[in-house]
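>>> Take a look and give me a structure for this.
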Amino acid sequence: MCTITWESSQRRLRLSGCCEAQDREAVRDALAACEGEGRVLIVDLTAVTSLAPAVAEVVLAARDRGEGCRVNVLRRQGSAVAQVLADIESR
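Numbering: from 1, shown residues only. Reported below is the predicted structural model:
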């Protein structure tokens, strides 16, 4: 189960730990709650150790929606998380 932390002063939604498919709804709900609060939202995945494709899809869908809020996704380059995101993006 992943940990979801909202850092309001930086408009950052930080995910950490192992984000499994069962975390999909919690991540989706957190993104929905944060998106409407400003023009930019940072989704920080740098502390995520593994990312289920179902969660990656939710994060990328929020980024691609662009409904009044630009979503920037941070990840460690070359990580397994970055690879899962790249695999989803290439579909």
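
>>> longest single strand anywhere in the protein?
With DSSP state E setting the assignment, residue counts place strand 40-51 as the longest strand in the chain.

>>> Walk me through which strands that one pairs with, and which way each runs.
For strand 40-51, sheet partners with direction are given as strand 12-19 (parallel), strand 70-74 (parallel), following DSSP bridges.

>>> which outside residues touch the least confident helix or strand in the chain by mean pLDDT?
Considering only helices and strands, the least confidently modelled element of the chain by mean pLDDT, DSSP states H and E is helix 24-35, at a mean of 92. Around helix 24-35, the neighbours that count as contacts under Cβ atoms under 8 Å, 6 or more residues apart in numbering are 2, 4, 6, 11, 13, 15, 19, 41, 43, 52, 54-55, 58-59, 62, 65, 67-69, 71. In this view, the C-beta of every residue, glycine as well, is placed from N, C-alpha and C.

>>> ditto for stretch 63-71
Residues outside stretch 63-71 that contact it (Cβ under 8 Å, 6+ apart) are 31, 35-43, 62, 72-73.

>>> any idea how far Ala80 is from the spatially most central residue of the chain?
In the chain, the residue lying closest to the centroid (Cα atoms, centre = their mean) is Val59, at 4.1 Å. For Val59, the distance to Ala80 (Cβ to Cβ, to the nearest Å) stands at 15 Å.

>>> No further queries at this time; thank you.
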